[in-house]
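1. Quick one, fold the following:
(one chain, ligands or ions: 2)
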Amino acid sequence: MASVAVVFDLDGTLIDSAPDIRGIANTLLAARDLPPLDLAETVSFIGSGAGVFIERMRAARGIPDSAHRALLEEFIDRYEGAVELTQVYPGVRSALAALTGAGHPLAICTNKPEAPARSVLAHFGLLDRFAAVVGGDSLPVRKPDPGPLLECLRRLDTDRCLYVGDSEVDAETAQAARLPFFLYTHGYRKTGVTEIAPAAAFDHFSALPGLVAKAG
Ligand SMILES: O=C(O)COP(=O)(O)O
Ligand SMILES: [Mg+2]
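-> Ligands and ions are numbered 1, 2, ... in the order given. Just a heads-up that it's a prediction; the model follows:
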């Protein structure tokens with residue numbers, strides 16, 4: 001029997017990208033003479049895609065709906081190049097290598113738009129590890145709709161899969177797709193691990209290959 005596929009969320013799971021996202025947001029705000037976002041605020045806006053990020057930023061800075069489209073376009077324009085402040089979480093590279101070595105097909109299911117998701121993975125030399133990358137704008141629906149995760153399974157040609165993520169949105173997505181959810185606890189979640197109730201939780205990527213092996 002083929003090894004179970006492992007599908008990963010991206011922001012707050014494989015990479016700590018909030019400092020770069022904050023950088024783009026603050027460029028947009030500075031151009032409008034508005035005060036910058038701090039890191040905690042930025043993190044709290046991440047997880048439901050670029051459009052929701054801009055909505056939350058507008059609400060926090062009293063920016064009218066009429067500015068939404070221009071802000072989102074500028075945000076997306078800058079997104080692909082925003083990689084300099086991002087870091088891969090500790091142990092990710094060796095965990096991905098170990099999972100690949102053990103025969104697990106890997107994919108990405110993120111609400112980040114697909115182009116910046118691919119560009120940041122390429123920047124870190126990780127893009128080739130993944131047989132599929134589905135972003136927040138790849139399909140007409142995004143997480144927590146199960147569609148993007150099910151699309152990863154379709155592209156991997158399997159029905160055996162685990163989803164690894166950092167947030168409530170990811171847990172909801174896995175549940176909607178009826179797949180086990182593994183939680184990385186050092187990402188951008190808003191609530192406690194018990195509320196999220198994952199099949200497994202880990203605080204360092206060195207633990208992941210063992211957890212996946214146990215799950216089959
Ligand atoms: O772009 C976002 O809001 C979140 O991205 P994620 O799904 O990789 O956490
Ligand atoms: Mg995430």
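2. biggest helix in the chain by residues?
-> helix 18-31 (DSSP state H).
3. and it, anywhere near ligand 1?
-> No: judged by C-beta under 6 Å from any ligand atom, helix 18-31 stays clear of ligand 1, getting no closer than 7.6 Å. All C-beta spots, glycine's among them, are computed from the backbone N, C-alpha and C.
4. what do you get for stretch 57-76?
-> No: Stretch 57-76 is not in contact with ligand 1 by C-beta under 6 Å from any ligand atom; minimum separation 10.5 Å.
5. roughly how far apart are the residue in the chain that ligand 2 sits nearest to and R69?
-> Distances between the chain and ligand 2 by C-beta to the ion are smallest at G12, namely 3.7 Å. To R69, G12 is 26 Å away according to C-beta to C-beta, to the nearest Å.
6. So these two - more neighbours on which side?
-> Higher neighbour count among G12 and R69: G12, with 23 against 10, using other C-beta atoms under 10 Å.
7. need the contact list for that one.
-> Listed by C-beta atoms under 8 Å, 6 or more residues apart in numbering, the contact partners of G12 are 18, 43, 46-47, 165-167, 184, 187-189.
8. go with 7 Å
-> Taking C-beta atoms under 7 Å, 6 or more residues apart in numbering, we find G12 in contact with 46, 166-167, 187-188.
9. Out of those, which comes closest to ligand 1?
-> Ligand 1 lies nearest to I46 out of the contacts of G12, by C-beta to the nearest ligand atom, at 4.5 Å.
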